[in-house]
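A.B. asks: okay, predicted coordinates and the sequence, questions at the end:
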Amino acid sequence: MVTRDYGIVELGVRFPSGPHNNSFCDKILIMLGGVFDLAIIVLIAAGLSLIAKFLKQPLILAYILAGVLVTYLGFLNVNIENTETFHVFSNLGIMFLLFLVGLEINYSSLRLVGKPSLIIGLGQIVFTAGLGFLLALVFNIDYLPAAYISIALTFSSTIVIVKFLSDKKDINSLYGKISIGFLLVQDLVAVLILVVLSGIDQGVGIDWLGLLGTVLKGAVLFAAMMWFGRKALPYLFDKIARSPELLFLISLMWVFLVAAIVTKVGFSIEIAGFLAGLALANSSENHQIASKIKPLRDFFIVIFFVVLGSTLILSNLGGLTWAILAFSLFVLIGNPLIVLIIMGLMGYRRRTSFFAGVTVAQISEFSLVIAALGLKLGHIDSSMVALITAVGVITITLSSYMIAYSHEIFKWLSNFLRMFEREDLVMKDAREKVSRKEIVLIGCNRVGESIARFLNKRDLLVVDFDPDVVEKLKKEGFEYIFGDMNDEEVFDKVHRARAKLIISTSPDLEDNLAFLERIKLFSKAKPRVVFRAETDAELKILYQKGADYVLFPHITSGEYLGKALSKNTEITQAIKDLKGKNKALLKF
């Protein structure tokens, strides 16, 4: 009889005698102990999540607290094999999370925010690293450890940001796409830094040839994914789309195949997941694939945050309290300010800049990887690793609140944030006289652009806060207001226009409800109002609050197609007419 105590339960298993049976028994017992640990972790995480939901707190906080609790109770310290298993699970959570991100980002959206994301990402990296290095010197930290700390403070957590953007349905918003764009810039820089450190680990200094090779391999991988996404994968997935089980299996096969190839050539599993999703972004089955992968992502991402919370208990934090506090405040306040300044100089309004800035108020999983590698190389000691780990847990926890309540925080700071807008753009727009218009259209990207295409320019006033959209409106000869729908100045101009109809294509329910309440304060004849809803629940709420019509894209597009077909008895000709209208819109 082989008996082993795993903390709470005693497992007894009988095996035939033999020279190798002890090793086999150990493996079986390790596996059974790991299953028990996993059950306890899921149970505690679920219980804390229910409490967090009841208290209206971020679920990420519950996951991190679960990691602290299970580690304190000793469940993650049973044996090294189980701990490594949990780390594998957490890495799978990262991979599936970024796979879903890639699925939701098509090629045109990447081109749209490519330049702004590159400028913001590189600018934030340079300024955060420089200021972080100076802050580390204030605490009398040596130059090399200070460099590691400054680098760790630079990168933001893709996992946290994407999780909240997904939960808030803001991935396709302007600030959401810009945030994801500069996160990808950060991830690329982080990978390059890891490559440099790997070259040092080989004892030959910086491996410049290896660094150049990594850049070339990255370009080849990206080009290969783009080619597969356009040429090969659509044909394959169209053939299997009718079988949900096969579609799920082939999707998993594709993700793990890309992950195996990408990690073999030296890139991270995060980039592998994103590239795998990006290749499928333009496929007609991308939404069906996403719906099947999301449960896997949700499970594995819980393990990631549990493992992250466990690192806080295992760290040595003695004598680092003031340094941890200072670095945490720098990340929570300094990083958003840096993004606010950069985006303000680029012409973005304070609302977009603020929401994008809040997303960088934490450090990344890359920060922890770089710190661990620095410890292995002997560049930093365990106290510096503990400092970076503590800052990570604190900033991820507090930034979760900042992102979750970003709308409320913005309303409180709105007047103060005016200083981060370009005065020449804002004041010039403020001096413009708004003539009377029949229709005011709020938001002229995608849905709004399609609406504007069929309206008379002389009767239309457009409101938008995207500098690129405003520049396009200017070239097309539209009268426009550069600003946010809930800005006091913008609302005053809309009021002066005395429109008979106001259309908001914004998918943000809170913004629409706030604007609807303001419209009710009109002293004279109130205009008709049309808003956009994303769900059945939002549609009902907007009608209850007084909307005259709610634009529901799924239903509206179906009605449009149905009416177009009913007006023409010749189906072939009807389809040609619809196709011609699409081509006309693309030229608009």
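C.D. replies: Right, received. Where do you want to start?

A.B. asks: which helix or strand in the protein has the lowest average pLDDT?
C.D. replies: Least confident element among the helices and strands of the chain, by mean pLDDT, DSSP states H and E: strand 10-13 (a mean of 36).

A.B. asks: in this structure, which residue is closest to the centre?
C.D. replies: Residue closest to the average C-alpha location in the chain (C-alpha atoms, centre = their mean): residue 162, at 2.2 Å.

A.B. asks: hmm, that residue is touching residue 99, no?
C.D. replies: No - between residue 162 and residue 99 there is no contact, the gap being 10.7 Å when judged by C-beta atoms under 8 Å. C-beta: built from backbone N, CA, C; applies to glycine.

A.B. asks: so residue 455, which of the three states?
C.D. replies: For residue 455, the secondary structure call by DSSP: H, G, I helix; E, B strand; the rest coil comes out as coil.

A.B. asks: that one reaches residue 444, doesn't it?
C.D. replies: No - with contacts counted by C-beta under 8 Å, residue 455 stays clear of residue 444, the gap being 10.9 Å.

A.B. asks: more neighbours: those two, which one.
C.D. replies: residue 444 (24 against 16; other C-beta atoms under 10 Å).

A.B. asks: just to revisit the earlier point, so how far is residue 180 from the residue nearest to the centre of the chain?
C.D. replies: Distance from residue 162 to residue 180, counting by C-beta to C-beta, to the nearest Å: 7 Å.

A.B. asks: overlap in contacts of those two?
C.D. replies: Common contact partners of residue 162 and residue 180 (C-beta atoms under 8 Å, 6 or more residues apart in numbering): 101, 171.

A.B. asks: what helix or strand is the residue nearest to the centre of the chain on?
C.D. replies: Per DSSP states H and E: residue 162 is located in helix 158-167.

A.B. asks: pull out the buried positions in that helix.
C.D. replies: 158, 159, 160, 161, 162, 163, 164, 165, 166 (16 or more other C-beta atoms under 10 Å).

A.B. asks: and the next helix or strand past the helix or strand containing residue 400?
C.D. replies: With elements delineated by DSSP H and E, residue 400 resides in helix 382-404, which encompasses its position. Past helix 382-404, further along toward the C-terminus, the next helix or strand under DSSP H and E is helix 406-413.

A.B. asks: now that next one: mean pLDDT?
C.D. replies: Rounded to a whole number, the mean pLDDT of helix 406-413 is 86.

A.B. asks: shift numbering so it begins at 15
C.D. replies: Taking 15 as the first residue, the last one we looked at is helix 420-427.

A.B. asks: which residues sit against that helix?
C.D. replies: Judged by C-beta under 8 Å, 6+ apart, the contacts made with helix 420-427 from elsewhere in the structure are 365, 368, 369, 372, 416, 431, 524.

A.B. asks: of all the residues you listed, which two lie farthest apart?
C.D. replies: 431 and 524 (17.6 Å; C-beta to C-beta).

A.B. asks: who has more neighbours out of these two?
C.D. replies: For the pair residue 431 and residue 524, the greater number of neighbours falls to residue 431 (18 against 12), based on other C-beta under 10 Å.

A.B. asks: isn't the more buried one up against residue 364?
C.D. replies: Yes - using C-beta under 8 Å, residue 431 makes contact with residue 364 at a distance of 4.1 Å.

A.B. asks: now list whatever residues contact both of the two.
C.D. replies: With contacts defined as C-beta under 8 Å, 6+ apart, the residues adjacent to both residue 431 and residue 364 are residue 354.

A.B. asks: how close does residue 333 sit to residue 385?
C.D. replies: 18 Å.

A.B. asks: oops, could you answer that again for residue 372 instead?
C.D. replies: Taken as C-beta to C-beta, the span from residue 372 to residue 385 is 24 Å.

A.B. asks: before we move on, what about residue 337?
C.D. replies: In this structure, residue 337 and residue 385 are 14 Å apart, going by C-beta to C-beta.

A.B. asks: ok, the two, which is more surrounded?
C.D. replies: Neighbours were tallied for residue 337 and for residue 385 using other C-beta under 10 Å; the higher tally belongs to residue 385 (26 against 22).

A.B. asks: run through the residues that contact the more buried one.
C.D. replies: The neighbourhood of residue 385, defined by C-beta under 8 Å, 6+ apart, consists of 162, 166, 394, 398, 399, 402, 403.

A.B. asks: quick one: residue 280 from residue 260, how far?
C.D. replies: 32 Å.

A.B. asks: again, but for residue 167
C.D. replies: Remark: distance between residue 167 and residue 260 (C-beta to C-beta) = 45 Å.
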